[in-house]
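take this sequence and fold it.
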Amino acid sequence: WAEQDPEDWWDSTVEAVRELVETCGIPRDGIGAIGFSGQMHGLVALDGEGQVLFPSILWCDQRTEEECARITEHFGRDRLRELTGNKALTGFTAPKVLWIKKHRPELFARIRHILLPKDYVRFRLTGDFATDMSDASGTLLLDVENRCWSEPMCSFLGVGKEVLPKLYESYEVTGRVSEGAKAALGLSGDILVVGGAGDQAAGAVGTGTVREGTVSVTLGTSGVVFAAHGSYAVDDDCRLHAFCHANGGYHSMGVMLSAANCLKWWSDSVQDAVGLEVLLEEAEAVGTGSKVVFLPYLMGERTPHADPDAKGCFLGMDMNTTRGHLTRAVLEGVAFGLRDSLEILRELEVPMEQVRVIGGGARSALWKQILADVFGMELEEINTSQGGALGAAILAGVGGGLFATVDEGCDRMIRVTGRIAPVPENVAHYEQVYPSYRDAYGSLKDWFAGRGR
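Modelled structure (predicted):
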């Protein structure tokens, strides 16, 4: 289970904005518009008075395996894909609603509004119940192709569409900051609020991943491979998510649940007596000679294995294995997991002319080189590492009239600053190791399932 108190998000928003205004010399009336980049899929339920009914169930919560099976059984995989463009996954919002309905019926009966995490902050800013198309795509309640709530899904869950927020494009104005919220934030003047986007769509805007041919790779807590489309496209097996994009188009997205989080686990929980810099230096020193494989399924997995029971593990150790080999295996395992999504894009013949990498893990030059070598592709570095925040600002800029379109905002704000070329001998090594990585999950799948129960 993974939960957070939505009130903490609002309290932290107030604290952060006040600090920003006070320490950066921003005039109280100098803010024209606010955008959002928010964690996706979380269930925020409010009563008729706008009060939170229970802690938000988050994107990484895995309790809804039975609910996903019920949804899939009711509609069938093909019909579910037609209705929503996606399969039922434990992280999505709709299975969470079904879980509450079954296990907390007294709370389900009191639900009057369902919001996503960023949209609770919007509600506190404006009093409006609204969301955007990109974030709504991850609820399993949206008809992604037609950009509207799915009546069959709502009917099955027993949720009237009046309970769901009004839908907007990410760059459209959804309201204005209320006088009470401005007083809390230390702001004044007329401040517009736009739809904003789910974190990955906002991050893609912040990297300029808005046109077909550009792919972004996010090395954050989770790992994401994101490809933009001008028109709706869905993988027949739903291995990739088919979502609305923040610029009014669509995108395909592969998600691994633990990416940079794997390195955080390794450095903070397992090797907490050793600094991260030392661990990375040791990993770089051992080079690519090791064939130790790490499966990065510390929180289950989503792409390409929709398996909440999947587990992380090291394979192939011997008496010559050192801590440096294991650290490097963690970095390589995450890179292999991201490559899984790239391989699906290749199967679908999605153009990949530019690959850009962002996220906290992208601060590591070693990890970026490993990605280039594992992908066998050149990576582009850009003039910002703040993908989601910059994307939210660009969306606000469109809503506030600073840019005519999202694409124009990206063109004006983002530029390529460097390139990371793959090293041929490293590429050859990883081409030998990657099949072992892919085979390992199939060999261990039944064991994972037994431990999961």
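
okay, strands next: where are they in the stretch 201-350 of the chain?
Applying DSSP state E, counting those that start in this stretch to the stretch 201-350 of the chain gives strands spanning 213-219, 223-229, 241-244, 250-256, 293-295, 313-315.

describe which strands the second one pairs with in its sheet and in which direction.
Using DSSP bridges, strand 223-229 pairs in its sheet with strand 213-219 (antiparallel), strand 250-256 (antiparallel).

likewise for the last one?
In the sheet containing strand 313-315, the strands it pairs with under DSSP bridges are strand 293-295 (antiparallel).

next one: the third one
Strand 241-244 has the following sheet partners, assigned by DSSP bridges: strand 250-256 (antiparallel).

can you tell me what sits against the partner strand?
144, 200-201, 204, 209, 222-233, 235, 239-245, 296, 301-304, 334, 337-338, 340-342, 344-345, 348, 350 (CB atoms under 8 Å, 6 or more residues apart in numbering). (C-beta placed from N, C-alpha, C; glycine too.)

about what we covered before: could the strands of the stretch 201-350 of the chain go into a markdown table alongside mean neighbour count and distance to residue 135?
Below are the strands of the stretch 201-350 of the chain laid out as a markdown table (neighbours: other CB atoms under 10 Å; distance: least, CB to CB, whole Å):
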| stretch | mean neighbour count | distance to residue 135 |
| --- | --- | --- |
| strand 213-219 | 25 | 16 |
| strand 223-229 | 26 | 14 |
| strand 241-244 | 26 | 9 |
| strand 250-256 | 26 | 13 |
| strand 293-295 | 23 | 30 |
| strand 313-315 | 16 | 33 |
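
so can I have a markdown table of the strands paired with strand 223-229 showing mean pLDDT and distance to residue 6?
Rendered in a markdown table, the data for the strands paired with strand 223-229 read as follows (pLDDT from 0 to 100; distance: least, CB to CB, whole Å):
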| stretch | mean pLDDT | distance to residue 6 |
| --- | --- | --- |
| strand 213-219 | 90 | 24 |
| strand 250-256 | 93 | 23 |
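
of all those strands, which one comes closest to residue 136?
strand 250-256 (13.1 Å; CB to CB).

surely residue 334 is in contact with residue 221?
No - counting by CB atoms under 8 Å, residue 334 does not reach residue 221; the two are 11.4 Å apart.

ok, back up a step: kindly reformat the strands paired with strand 223-229 as JSON lines containing distance to residue 180.
Converted to JSON lines, these look like this (distance: least, CB to CB, whole Å):
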{"stretch": "strand 213-219", "distance to residue 180": "35"}
{"stretch": "strand 250-256", "distance to residue 180": "36"}
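
so which of the ones you listed comes closest to residue 117?
Across those, residue 117 has its closest neighbour in strand 250-256 (16.5 Å, CB to CB).

gap between the closest one and the chain center?
Offset of strand 250-256 from its chain centre (CA atoms, centre = their mean, to the nearest Å): 9 Å.

now swap in stretch 241-250 and tell me
Taking mean C-alpha positions (CA atoms, centre = their mean), stretch 241-250 and its chain are 13 Å apart.

with stretch 108-118 instead?
For stretch 108-118, the distance to the chain centre is 21 Å (CA atoms, centre = their mean).

contacting residues around stretch 52-67?
Applying CB under 8 Å, 6+ apart, the contact partners of stretch 52-67 are 1-7, 39-47, 88, 90-91, 95-96, 98-100, 102, 104, 107, 110-111, 117, 120, 138, 222, 257, 299-300, 308.

would you turn the strands of the stretch 201-350 of the chain into JSON lines with distance to residue 34?
Shown next, in JSON lines, are the strands of the stretch 201-350 of the chain (distance: least, CB to CB, whole Å):
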{"stretch": "strand 213-219", "distance to residue 34": "23"}
{"stretch": "strand 223-229", "distance to residue 34": "24"}
{"stretch": "strand 241-244", "distance to residue 34": "21"}
{"stretch": "strand 250-256", "distance to residue 34": "23"}
{"stretch": "strand 293-295", "distance to residue 34": "40"}
{"stretch": "strand 313-315", "distance to residue 34": "43"}
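
right, and these - which one's nearest residue 175?
Closest approach to residue 175 among the strands of the stretch 201-350 of the chain is made by strand 241-244 (20.3 Å; CB to CB).

the nearest residue to residue 416 once chain neighbours are set aside pairs with what?
Closest residue to residue 416 apart from its sequence neighbours, by CB to CB, 6 or more residues apart in numbering: residue 380 at 5.0 Å. Judged by DSSP bridges, the bridge partners of residue 380 are residue 356, residue 419.

now stretch 287-303: buried residues?
Residues 288, 290-303 are the ones in stretch 287-303 that count as buried (16 or more other CB atoms under 10 Å).

of the contacts of stretch 52-67, grab the buried ones for PyMOL.
Selecting only the buried entries of the contacts of stretch 52-67 in PyMOL, with 16+ other CB under 10 Å as the criterion:
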select buried, resi 6+39+40+41+42+43+44+45+46+88+90+91+95+96+98+99+100+111+117+120+138+222+257+299+300+308
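
quick one: the helices in the stretch 1-150 of the chain?
Ranges of helices in the stretch 1-150 of the chain, per DSSP state H, counting those that start in this stretch, are 6-24, 65-75, 77-84, 93-103, 105-108, 117-126, 133-136.

what of the stretch 301-450 of the chain?
323-347, 365-375, 387-399, 406-413, 424-452.

out of those, deepest packed?
Per-stretch averages of neighbours, counted by mean count of other CB atoms under 10 Å, single out helix 387-399 among the helices of the stretch 301-450 of the chain, with a mean of 27.

mind listing the shared neighbours of residue 334 and residue 221?
Overlap of the contact sets of residue 334 and residue 221 (by CB under 8 Å, 6+ apart) consists of 258, 259, 260.

by neighbour count, which of the residues you listed wins?
Using other CB atoms under 10 Å as the neighbour test, the shared contacts of residue 334 and residue 221 are led by residue 259, with 28 neighbours.

could you pull up the contacting residues of the closest residue to that one other than its chain neighbours?
Spatial nearest neighbour of residue 259, excluding adjacent residues (CB to CB, 6+ apart): residue 223 at 2.9 Å. Applying CB under 8 Å, 6+ apart to residue 223 gives the contacts 217, 255, 256, 258, 259, 260, 334, 337, 338.

likewise residue 1?
Residue 1 makes contact with 57, 61, 62, 63, according to CB under 8 Å, 6+ apart.

if I read this right, residue 68 contacts residue 95, doesn't it?
Yes - using CB under 8 Å, residue 68 is in contact with residue 95, at 5.0 Å.

anything in contact with each of those two?
By CB under 8 Å, 6+ apart, residue 68 and residue 95 have these common neighbours: 88, 89.

right, and residue 404 touches residue 397 too?
No - judged on CB under 8 Å, residue 404 makes no contact with residue 397 at a distance of 10.0 Å.

before we move on, back to that, possible to save the contacts of residue 1 as a markdown table with distance to residue 324?
Putting the contacts of residue 1 into a markdown table (distance: CB to CB, whole Å) gives the following:
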| residue | distance to residue 324 |
| --- | --- |
| 57 | 39 |
| 61 | 34 |
| 62 | 32 |
| 63 | 37 |
